[in-house]
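Asker: sequence plus predicted model, see below.
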Amino acid sequence: MMENNELQKESSNSESTNESGNNMAEKKIETDENNETQPEHLINNNERESNTINDLNDNLNILSLQNKAENENKSNQNQKKEKKKEENNEDDDDDTDDYFDPIDEKGQLKIPLKTKNKFTKEDFEIIGLSGKGAYGTVLKAKLKSEQNDKLYAIKTMDVMALDRIKKLYQAYLECDILSQLESPYIVDIFGAFDENRKIFIVMQYLSKGDFSDFIRLNYPIKPDTIQFYAAEIVNFLDYIQSKKIVHRDLKPENIMMNENWHLQVIDFATARVLGKYFDKQKMVFNVDSYYDISETDDLKGNKVAINNDDDDDFEDAHSKPQRRGMTFVGTAEYVSPEVLGDKPAGFGSDIWALGIMIYQMIYNKTPFKEKTNYLIFRKIEQLKIEFGENEAITEEAKDLINKILVKDPTKRLGAGEPGTEFDMAHLKAHPYFKGIKWDKLHKITPPNSENFDYLLNKKKNNKNNVNNNNTSNQKKGSDLGKTTKKPNNEEEQEEVLRKGYLEKKGFWFLYNKRKIILYSTPKLVYIDPTNNQIKGEIYLDRRVKVNHISLNVFEVVTPLRSFRFKSIDGDVLVWEKSIAEAIKTYSK
């Protein structure tokens with residue numbers, strides 16, 4: 001009964017939102033949870049039921065055989081198709097009959113990845129785990145043939161998991177784009193290969209973490225440091241504009257810092273190239289979602305007008321016209337007004353993100369930050385920017401932000417056509433950047449960087465203590481008598497199996513962004529990324545079930561309650577599989 005009431009309330013909430021006539025409601029806007037503090041401890045018991053991942057695999061195999069079964073009864077075919085669409089929440093016009101297995105009989109990709117060098121796993125000595133991403137693991141490694149201490153980052157991804165969520169094309173796209181770029185402001189790619197249904201992308205190892213952590217650790221940031229890093233981002237944007245590339249998801253989490261504390265941008269998986277499209281004929285099969293770029297007149301090699309409202313150069317080919325208004329590439333706090341308005345992302349979208357990050361470096365928060373995505377989008381539409389007192393918010397800084405964060409992308413400073421008053425040259429000439437040596441920027445020691453290592457090491461040393469204290473505080477007074485807290489030394493030995501960002505459903509059917517960490521305990525820990533506080537834990541045993549709800553939503557069901565999560569990056573199946581494997585491997 002409680003579940004039915006919840007569904008009714010969700011339905012009522014959805015209808016109310018639709019009646020408002022607000023275009024932002026079409027973006028699957030969900031909101032924040034409140035008052036979630038209590039972790040869940042579960043009791044070991046019977047074997048868990050089969051999870052949805054195996055069902056999805058079986059369905060994909062069925063779909064791949066449908067083309068060969070020409071004489072099969074038509075009614076049975078329709079039933080299978082409808083079942084597949086219902087489970088994956090797909091529209092009727094999805095070409096599921098055209099499914100093509102990307103792996104050959106030897107377990108290798110039928111279409112090789114575009115790369116500079118050819119490697120194998122035997123070429124590397126694995127040093128350790130560097131991190132867990134949305135779609136795979138990042139390993140720290142050395143090249144055996146090199147007699148030095150140079151480190152590489154190897155991003156590993158499961159081919160079939162990516163293929164099931166229609167993200168395999170992103171590995172090809174990122175390798176293709178990065179192989180064409182050479183800039184001190186972009187991560188280097190050295191090669192890529194695939195073995196045993198796994199993709200391995202060999203990249204530059206960036207040792208100082210991401211820019212998001214840097215901003216938080218070093219706040220308040222000195223004005224000259226903010227100016228320096230803003231200028232590095234401008235140089236990056238100037239370079240990719242010259243290559244007719246739009247990043248489309250520029251944010252601090254997608255910017256890493258190298259050993260000399262310079263910025264280098266990563267994650268080009270959702271980037272687009274003006275005037276280009278991937279030839280599907282050379283890819284052998286006809287699934288146009290493979291590279292996720294639609295073939296429009298503007299993509300035939302003709303010159304494309306930058307920021308033109310009629311520019312279809314970045315039309316999302318995964319989304320049919322009726323879906324286009326329901327989703328977008330990017331992160332809520334950094335998304336530009338034109339993308340919210342269902343217009344294609346162009347250079348102006350990346351410039352908008354620059355303005356957001358300058359503000360964020362000054363105030364340690366984004367200008368449109370709110371508790372829910374809906375409120376964020378509303379503030380973006382209303383363009384409400386507040387400038388509080390801060391040492392770094394000079395008149396020049398305020399003027400620059402105001403000239404970047406404008407609704408019309410054609411009048412956004414740095415996004416205009418060359419030769420106009422809004423072009424990149426005018427952005428670099430703005431008084432805020434007075435004294436910047438643009439050509440030598442990547443060779444200059446960043447201002448105040450002598451303090452950065454101290455703060456980074458302090459974070460690493462205090463990380464376990466902070467997490468343990470937060471967990472201990474939340475357990476006080478809660479009904480957790482069924483289990484005993486582990487000693488600190490055992491807590492520190494927990495292995496991180498996966499981490500990333502999801503939106504978690506809380507009270508009043510509201511969602512909010514949470515950092516999710518899957519440990520080998522096994523347990524799921526969800527953390528508020530705004531203040532790094534642990535909001536709760538879900539202890540996993542064999543009674544826990546993982547349910548696939550829809551294309552973007554999954555549910556972790558415990559004997560005491562259910563936890564619903566929504567994907568930000570389309571990695572639902574990856575999370576489902578990881579949690580299910582953790583329960584199977586580590587639970588008692």
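Answerer: Thanks, I have the structure now. Numbers count the residues shown, from 1 in each chain.
Asker: CA only for contacts and neighbour counts going forward, please
Answerer: Noted.
Asker: low-scoring pLDDT stretches of this structure, where are they?
Answerer: The model of the chain has pLDDT under 70 over residues 1-100, 133-135, 277-329, 458-493, 506-510, 588.
Asker: could you list the domains of it?
Answerer: Following automatic domain parsing, one finds the domains of the chain at 2-52+460-586, 223-447.
Asker: just the helices in the stretch 301-450 of the chain please.
Answerer: Using DSSP state H, counting those that start in this stretch, the helices of the stretch 301-450 of the chain run over 337-340, 347-363, 373-382, 395-404, 424-428.
Asker: looking at these, which is buried most?
Answerer: Looking across these with neighbours counted as mean count of other CA atoms under 10 Å, the highest average goes to helix 347-363: a mean of 25.
Asker: by contact count, what packs against it?
Answerer: Judged by 3 or more CA pairs under 8 Å, 6 or more residues apart in numbering; DSSP states H and E, the packing partners of helix 347-363 are helix 223-242, strand 245-246, helix 395-404.
Asker: buried sites along the longest one?
Answerer: The one in question is helix 223-242. By 16 or more other CA atoms under 10 Å, the buried positions in helix 223-242 come out as 223, 225-241.
Asker: hang on, the earlier thing: okay, the helices and strands packed on helix 347-363 in CSV with distance to residue 256 next?
Answerer: Converted to CSV, the helices and strands packed on helix 347-363 look like this (distance: least, CA to CA, whole Å):
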stretch, distance to residue 256
helix 223-242, 12
strand 245-246, 18
helix 395-404, 23
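Asker: picking that back up, which one of the helices of the stretch 301-450 of the chain lies nearest to residue 200?
Answerer: Closest to residue 200 of these is helix 347-363 (CA to CA; 28.2 Å).
Asker: got the angle between that closest one and helix 395-404?
Answerer: Between helix 347-363 and helix 395-404, the angle comes out at 150 degrees (axes from the mean of the first three to the mean of the last three CA atoms, to 10 degrees).
Asker: would you put the C-alpha positions of helix 347-363 in PDB?
Answerer: Extracted in PDB, the C-alpha atoms of helix 347-363 (Å, rounded to 0.1, in the frame of the first residue of the first chain):
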ATOM      1  CA  PHE A 347      30.900  27.500 -28.200                       C
ATOM      2  CA  GLY A 348      28.800  29.800 -26.000                       C
ATOM      3  CA  SER A 349      27.900  26.800 -23.700                       C
ATOM      4  CA  ASP A 350      31.600  26.300 -22.900                       C
ATOM      5  CA  ILE A 351      32.100  30.000 -22.300                       C
ATOM      6  CA  TRP A 352      29.100  30.000 -20.000                       C
ATOM      7  CA  ALA A 353      30.800  27.300 -17.900                       C
ATOM      8  CA  LEU A 354      33.900  29.500 -17.700                       C
ATOM      9  CA  GLY A 355      31.800  32.300 -16.100                       C
ATOM     10  CA  ILE A 356      30.300  29.800 -13.600                       C
ATOM     11  CA  MET A 357      33.800  28.500 -12.600                       C
ATOM     12  CA  ILE A 358      35.200  32.000 -12.100                       C
ATOM     13  CA  TYR A 359      32.400  32.800  -9.800                       C
ATOM     14  CA  GLN A 360      32.900  29.400  -8.000                       C
ATOM     15  CA  MET A 361      36.600  30.100  -7.400                       C
ATOM     16  CA  ILE A 362      35.600  33.400  -5.800                       C
ATOM     17  CA  TYR A 363      32.700  32.200  -3.600                       C
END
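Asker: near the residue nearest to residue 131 when sequence neighbours are not counted, how many residues? Count them for me, please.
Answerer: With CA to CA, 6 or more residues apart in numbering as the criterion, residue 131 has its nearest non-adjacent residue at 5.1 Å, and that residue is residue 138. Per other CA atoms under 10 Å, the neighbour tally for residue 138 reads 23.
Asker: cool, the one 5 residues further on as well?
Answerer: Counted with other CA under 10 Å, residues neighbouring residue 143 total 18.
Asker: do the one 10 residues further on as well
Answerer: For residue 153, the neighbour count with other CA under 10 Å is 25.
Asker: now do the contacts for it.
Answerer: 130, 138, 139, 140, 141, 202, 203, 204, 205, 206 (CA atoms under 8 Å, 6 or more residues apart in numbering).
Asker: for stretch 405-418, buried residues please.
Answerer: Using 16+ other CA under 10 Å as the test for burial, stretch 405-418 gives 405, 406, 407, 409, 410, 411, 412, 413, 414, 415, 416, 417.
Asker: quick one on the thing from earlier: so which of the helices and strands packed on helix 347-363 gets nearest residue 125?
Answerer: helix 223-242 (32.2 Å).
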